[in-house]
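Colleague: Fold the stuff below for me.
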Amino acid sequence: MTDIIPVRSGEELDIERVHTFLLKNLPEIPSSLPLSIRQFGTGASNLTYELKIGKWEAVLRKPPLGPVAPKAHDMKREYLILKTLHPMFPIAPKPYILSEDLSIVGSHFFIMERKHGVLVDTEFPPNIKESKELGKQLSEQMVNTLVQLHELPYKGTVLEELSNPKGFMERQVFGWIKRYERSKTEEIKEADYITNWLVKNIPQSNASTIIHYDFKFNNTLYTSDLDGLTGLFDWEMSTVGDPLADVGAALSYWCQADDPDLLKNGLGEPPITVREGFFTRKQFIESYAKKSGRDVSQIHYYLTFAYFKLAVICQQIYFRYHKGQTTDPRFKYFHLYVKTLIQHATAVSQEPNKVR
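Modeller: Numbers count the residues shown, from 1 in each chain. Prediction:
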């Protein structure tokens, strides 16, 4: 969330309406100063904007343009999740206010705390010296954060009302298959195999925890010396469910040096995890198992599903581009990455003992 750009064409907000809303609902804002709006350039799903009035600053988060998948991009749900999580997990941003008034930005939206820090995505910051030790340190921090999240209590909170842990993986598998069918723009020969395999091999979930479900480096901010996290973002898919599904989702973004080029380069530059010293996926799994005490013997299923789920997310984004609902050039070749992910999911499903 440090990649700040001018607002992209077609994604502008009505600055006067936003300004009026802020002054009416957040009394701490100085009324005599103008509002400036810029956009966070990272992220390919929800739209996120930096708001500044004098020294006051915040973040506005809203759904993408055009029709969205059912139950997706639910701003009220994400707002309530953050409201519950922030007091016990401070790296989750503090939400300020939710608006369901469509006349302001054309959709529901919420305003939240603006966190600052260093984004570690495809490169190290220029002031940081790359090393094997640093790669290991960052890997450990990511594992530790996931373990800590999975230890948080959820019973008696709004998360219990917003979630239904029973039958979680069944709903996930069938739900994401339906999303794929609704957003499909071409036939991929491996898709039938992998959807059938996922349905036939659903594991029994033995635990339920709070999960982030989109856990990756470019959803985090770090301190300037990379010694700890200052923020964890994009809680849209967070719920109470199988923690191994969260681990699988994290690993689907965790590329390593010996991965196929199309997997590493599918969304642009390879992620930082391909650098020397970073955990392999196997090392990540082993570290998580040791620190959490959980049985990870079926992790190949969760990783297979995670690759398919990521393929569907990218397919939904490409569908909007294909239909002209967005003109963002980043999405032009997403369909190629979708095919790569489905093919890779197929390969992982066929090698249960070879998660590297």
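Colleague: Could you check which helix or strand contains the residue nearest to the spatial centre of the chain?
Modeller: In the chain, the residue lying closest to the centroid (Cα atoms, centre = their mean) is D214, at 3.1 Å. Assigned by DSSP states H and E, D214 falls within no helix or strand.
Colleague: ok, longest helix in this protein?
Modeller: Criterion DSSP state H: the longest helix present in the chain is helix 299-322.
Colleague: which helices and strands does it pack with?
Modeller: Identification of packing neighbours for helix 299-322 by 3 or more Cβ pairs under 8 Å, 6 or more residues apart in numbering; DSSP states H and E yields helix 168-183, helix 190-200, helix 243-253, helix 334-349. Bear in mind the C-beta positions are built from the backbone N, C-alpha and C, glycine included.
Colleague: what do you get if the cut-off is 6 Å, keeping everything else the same?
Modeller: helix 168-183, helix 243-253, helix 334-349 (3 or more Cβ pairs under 6 Å, 6 or more residues apart in numbering; DSSP states H and E).
Colleague: I'd say L251 and R281 touch.
Modeller: Yes. Between L251 and R281 a contact is recorded at 4.9 Å, counting by Cβ atoms under 6 Å.
Colleague: who's more crowded, the two?
Modeller: With neighbours defined as other Cβ atoms under 10 Å, L251 and R281 compare such that L251 has more, 27 against 22.
Colleague: residue contacts, the more buried one?
Modeller: By Cβ atoms under 6 Å, 6 or more residues apart in numbering, the residues touching L251 are R281, L303.
Colleague: next one: the one 10 residues further on
Modeller: Residues near D261 by Cβ under 6 Å, 6+ apart: none.
Colleague: hang on, the earlier thing: and the residue nearest to the centre of the chain, how close does it get to R8?
Modeller: 21 Å (Cβ to Cβ, to the nearest Å).
Colleague: Would you mind measuring from G156 to L303?
Modeller: Applying Cβ to Cβ, the value for G156 to L303 is 32 Å.
Colleague: whoops, W176 was the one
Modeller: 14 Å.
Colleague: what about the stretch 151-300 of the chain, any weak spots by pLDDT?
Modeller: 267 (pLDDT under 70).
Colleague: still on that earlier bit, looking at G156 and L303, which one has more neighbours?
Modeller: For G156 versus L303, the count of surrounding residues by other Cβ under 10 Å is larger for L303: 26 against 7.
Colleague: excluding its backbone neighbours, what's nearest the more buried one?
Modeller: Of all residues not flanking L303 in the chain, G248 sits nearest, at 4.7 Å (Cβ to Cβ, 6 or more residues apart in numbering).
Colleague: Check whether that neighbour really touches Y301, as I assumed.
Modeller: No. Assessed by Cβ under 6 Å, G248 is found out of contact with Y301, at 8.0 Å.
Colleague: what about L60, is that helix, strand or coil?
Modeller: Under DSSP: H, G, I helix; E, B strand; the rest coil, L60 falls in the strand class.
Colleague: ok, it - contacts?
Modeller: For L60, counting by Cβ under 6 Å, 6+ apart, the contacting residues are Y49, L51, F109, I111.
Colleague: For W254, see how far away the last one is.
Modeller: Separation of I111 from W254 (Cβ to Cβ): 32 Å.
Colleague: Which residue of those two possesses the greater neighbour count?
Modeller: More neighbours surround W254 than the other of I111 and W254, with 25 against 22 (other Cβ under 10 Å).
Colleague: Phi and psi next, for the more buried one.
Modeller: Note on W254: backbone dihedrals following degrees, to the nearest 10 are phi -90, psi 80.
Colleague: tell me the contacts of it?
Modeller: By Cβ under 6 Å, 6+ apart, the residues touching W254 are T273, R281.
Colleague: run the last query once more with 10 Å
Modeller: By Cβ atoms under 10 Å, 6 or more residues apart in numbering, W254 lies in contact with 139, 142, 215-217, 247, 271, 273-274, 278-281, 284-285, 303, 306.
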